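Asks: What would the 3D arrangement of this be:
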Amino acid sequence: MSPKTHTPLPSEKSEELPSPNANSLPPVKMVKKAVDLGKIAHPLRTHGRQPKDVFRIWSLMKNRCFNPNADQWKQYGGRGITVCRRWESFVAFRDDMGPRPSLKHTLERIDNNRGYFPENCRWATMREQCRNRRSSKNITAFGQTKTLAEWAENTPVSYSTIQMRLRMGWPPEKALTQPSRFYPKHN
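Replies: Presented below is the predicted three-dimensional model:
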């Protein structure tokens, strides 16, 4: 049975070292593996500072705006939502947005009819994002504009009662403050 010989891989260097006793054995080959430092800080893994989920958020943002084959393209790129030139670079996006506050935060556009650029984007929770939809009903009363859901949380009147009163033409201030005679708000 012949001894198996090791064939060095392209990423391995081999050095011949002298045997302890030059007369007894042939020289021993010692194999050293080359370390590929490029893989340690690969930009698709950590980008130097941020976890890969921020890269994923950036990548999905670009995909839904630029790729007509993307599932959400109709709601984004298809209706003119774009990404600013600066944010075509992940590093610029990361620097402008800052760290993601928590895993519960996602990228939100403040004005849903405008594109992705630093002044129009922020990190927001899903609850905050649900209130910032094109279908959300905004009500201005007492000098403040809030969604119907936000007003319902902070008034003695339920969401459905406020909604019904506004449909009937009540002024917003009255719709928000007059307690219901028949259906008190459940908390």
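
Asks: Kindly state the domain boundaries assigned to this structure.
Replies: For the chain, the structural domains run 52-130, 138-177, going by automatic domain parsing.

Asks: need those domains in TSV with mean neighbour count, can you?
Replies: For every residue, glycine as well, the C-beta is placed using N, CA and C. Formatted as TSV, these follow (neighbours: other Cβ atoms under 10 Å):
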stretch	mean neighbour count
domain 52-130	15
domain 138-177	14
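
Asks: Show me the strands in this structure, by range?
Replies: 12-17, 28-33, 105-109, 121-125, 138-141, 144-147 (DSSP state E).

Asks: Neighbouring strands - and their directions - for the fifth one?
Replies: The reference is to strand 138-141. Partners of strand 138-141 in the sheet, by DSSP bridges, are strand 144-147 (antiparallel).

Asks: any idea which of the domains of the chain scores lowest on pLDDT?
Replies: Note on the domains of the chain: lowest mean pLDDT is at domain 138-177, with a mean of 85.

Asks: can you pull up the bridge partners for residue 125?
Replies: With DSSP bridges as the rule, residue 125 is bridged to residue 105.

Asks: was I right about it contacting residue 100?
Replies: No - between residue 125 and residue 100 there is no contact under Cβ atoms under 8 Å: 11.3 Å.

Asks: Residue 103 contacts residue 57, doesn't it?
Replies: No - here residue 103 lies out of contact with residue 57, judged by Cβ under 8 Å, at a distance of 11.0 Å.

Asks: wait, what's in contact with residue 145?
Replies: 138, 139 (Cβ atoms under 8 Å, 6 or more residues apart in numbering).

Asks: An error on my part: the question was meant for residue 139.
Replies: Residue 139 neighbours (Cβ under 8 Å, 6+ apart): 145, 146, 147, 148, 151, 162, 166, 172, 176.

Asks: out of those, who's nearest residue 130?
Replies: residue 147 (9.1 Å; Cβ to Cβ).

Asks: what separates the closest one from residue 131, distance-wise?
Replies: 5 Å (Cβ to Cβ, to the nearest Å).

Asks: quick one: contacts of the top helix by length along the chain?
Replies: If each helix of the chain is counted by residues according to DSSP state H, the longest one is helix 52-66. The contact list for helix 52-66, computed with Cβ under 8 Å, 6+ apart, reads 43-47, 70-73, 75-77, 81-83, 87-88, 90, 93-94, 97, 100, 103, 106-107, 115-116.

Asks: Could the C-alpha coordinates of it be exported in CSV?
Replies: These are the backbone C-alpha positions of helix 52-66, laid out as CSV (Å, rounded to 0.1, in the frame of the first residue of the first chain):
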residue,chain,number,x,y,z
LYS,A,52,-26.8,42.5,7.0
ASP,A,53,-30.5,43.3,7.5
VAL,A,54,-29.9,47.0,6.7
PHE,A,55,-28.3,45.9,3.5
ARG,A,56,-31.4,43.8,2.8
ILE,A,57,-33.7,46.8,3.4
TRP,A,58,-31.6,48.9,1.0
SER,A,59,-31.5,46.2,-1.6
LEU,A,60,-35.3,45.6,-1.4
MET,A,61,-35.9,49.4,-1.7
LYS,A,62,-33.9,49.6,-4.9
ASN,A,63,-35.5,46.4,-6.3
ARG,A,64,-39.1,47.6,-5.8
CYS,A,65,-38.3,51.0,-7.5
PHE,A,66,-36.1,49.8,-10.4
